[in-house]
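In: I'd like to go over a predicted model; first the sequence, then the structure.
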Amino acid sequence: MKLKTKSSAKKRFRFTSSGLVKTGQCGKRHNMRKRSNKMLRNARGMTLMHPSDAKKVANYYFHV
């Protein structure tokens, strides 16, 4: 039987061609007044996940 990809993970994470996991930057949902402009600028776009966390995500993405 073919394994299904988890839809929740599909919306939150992307895989690079080399197998690293990309995810959105954290800390930008609310309370923007408290954040510095520098922090907001640096938190644009996607970021690479730490390898230890990426391993968990990759495991969940395909095997749960």
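Out: That came through fine. Residues are numbered from 1 along each chain as shown.

In: Check which helices and strands the helix or strand hosting residue 56 sits against.
Out: According to DSSP states H and E, residue 56 maps onto helix 51-63. Identification of packing neighbours for helix 51-63 by 3 or more C-beta pairs under 8 Å, 6 or more residues apart in numbering; DSSP states H and E yields helix 7-12, strand 13-15, strand 21-24. All C-beta atoms are positioned from the backbone trio N, CA, C, and that covers glycine.

In: okay, these in a markdown table with mean neighbour count and mean pLDDT next?
Out: Shown next, in a markdown table, are the helices and strands packed on helix 51-63 (neighbours: other C-beta atoms under 10 Å; pLDDT from 0 to 100):
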| stretch | mean neighbour count | mean pLDDT |
| --- | --- | --- |
| helix 7-12 | 11 | 87 |
| strand 13-15 | 15 | 92 |
| strand 21-24 | 16 | 95 |
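
In: Contact partners for residue 17?
Out: Contact partners of residue 17, counting by C-beta atoms under 8 Å, 6 or more residues apart in numbering, are absent.

In: wait, I meant residue 26
Out: Contacts for residue 26 (C-beta under 8 Å, 6+ apart) come out as residue 43.

In: any weak-confidence spans in this protein?
Out: Scanning the chain for pLDDT under 70 picks out the ranges 63-64.

In: Find the residue at the geometric middle of it.
Out: Note on the chain: the residue nearest the mean C-alpha position is residue 23, at 2.0 Å, using C-alpha atoms, centre = their mean.
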